[in-house]
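quick one, what's the 3D model for this:
(chains A and B)
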Amino acid sequence: EAGVAQSPRYKIIEKRQSVAFWCNPISGHATLYWYQQILGQGPKLLIQFQNNGVVDDSQLPKDRFSAERLKGVDSTLKIQPAKLEDSAVYLCASSLNRGGNNEQFFGPGTRLTVL
Amino acid sequence: AQKVTQAQTEISVVEKEDVTLDCVYETRDTTYYLFWYKQPPSGELVFLIRRNSFDEQNEISGRYSWNFQKSTSSFNFTITASQVVDSAVYFCALFSGGYNKLIFGAGTRLAVHP
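The predicted model follows:
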């Protein structure tokens, strides 16, 4: 079974530029998550989708971050414009469904450096 | 408040030593789940174990064991006879129904030296 795919693996941009990350979850997984992991910290949930609907975006900085999950499969996370403090690893995860009894499977992440 | 504390930032051991990674959690919910994930240098988080709040049985899987104690709100992870391949960052995480999201601790970096 293929795991969660993410691209690109690395991205370097200058502040105020825009960037987009792509995630393809495990086939059949209804729930998709985007996490931000700042160096030395644990991952922090940015947004959670159930199929193609948002169920939690309370920690997403909506003035600069946006995400979508068209057709309930792939997802894109965008930052526009980027700030220095956005430098982090962005992890995508998926699970069969919502709830703590559903294991989340993580992708390899995209390491973003904002100069 | 939902919170996970991993007080050990870094641990360094020599191969074959036993090592315990501590995890203390806070939640007001009676139904919750606790997790351990491993993050090797490649960056991908690897699921190790899930425990629900109603199951306090300790678990052993090969060289790995977990001690869940509700009385002290702890869910500690022990690696017996550590190996170099165990070198990674280990995260403890909490999912509670009231908060409905996975909360991670800051992680413990384990270095196992030959």
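
now stretch B:29-46: buried residues?
B:32, B:33, B:34, B:35, B:36, B:37, B:38, B:39, B:43, B:44, B:45 (16 or more other CB atoms under 10 Å in any protein chain shown). The C-beta positions use only the backbone N, C-alpha and C, and glycine is treated the same way.

ok, now how distant is the closest residue to residue B:52 other than its chain neighbours from residue A:104?
The shortest distance from residue B:52 to any non-neighbouring residue, by CB to CB, 6 or more residues apart in numbering or on different chains, is to residue B:33 (5.3 Å). Here residue B:33 is placed at a distance of 11 Å from residue A:104 (CB to CB, to the nearest Å).

also residue A:81?
From residue A:81 to residue A:104 the distance is 30 Å (CB to CB).

more neighbours, the two?
Set residue A:81 next to residue A:104 and count neighbours by other CB atoms under 10 Å in any protein chain shown: residue A:104 wins out with 25 against 15.

right, and that one touches residue A:94 too?
Yes. Taking CB atoms under 8 Å as the definition, residue A:104 is a contact partner of residue A:94 at 7.1 Å.

which part of chain A gets nearest to chain B, residue-wise?
Chain B sits closest to residue A:42 of chain A, with a gap of 3.0 Å, by CB to the nearest CB.

tell me the contacts of the residue lying closest to that residue once chain neighbours are set aside?
Spatial nearest neighbour of residue A:42, chain neighbours left out: residue B:104 (3.0 Å); criterion: CB to CB, 6+ apart. By CB atoms under 8 Å, 6 or more residues apart in numbering or on different chains, the contact list for residue B:104 reads A:42, A:43, A:44, B:4, B:37, B:91, B:92, B:93.

wait, a strand at the last one?
Yes. With DSSP: H, G, I helix; E, B strand; the rest coil as the criterion, residue B:93 is located in a strand.

just the pLDDT at residue A:72, thanks.
pLDDT, residue A:72: 84.

make sure it is actually in contact with residue A:52.
Yes. Proximity of residue A:72 to residue A:52 meets the contact threshold set by CB under 8 Å, at 4.1 Å.

the residue nearest in space to the middle of chain A bridge partners, please.
Most central in chain A under CA atoms, centre = their mean is residue A:34, positioned 2.8 Å from the mean C-alpha point. Under DSSP bridges, the beta-bridge partners of residue A:34 are residue A:47, residue A:92.

please apply the same query to residue B:14.
Beta-bridge partners, per DSSP bridges, of residue B:14: residue B:113.

ok, residues contacting stretch B:10-26?
For stretch B:10-26, the surrounding residues in contact (CB under 8 Å, 6+ apart) are B:1-8, B:32, B:34, B:36, B:72-84, B:90, B:92, B:94, B:105, B:108-114.

which ChimeraX command selects the buried ones in these?
Buried subset of these, written as a ChimeraX selection, criterion 16+ other CB under 10 Å:
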select /B:2,4,6,8,32,34,36,73,74,75,76,77,78,79,82,90,92,94,105,108,109,110,112
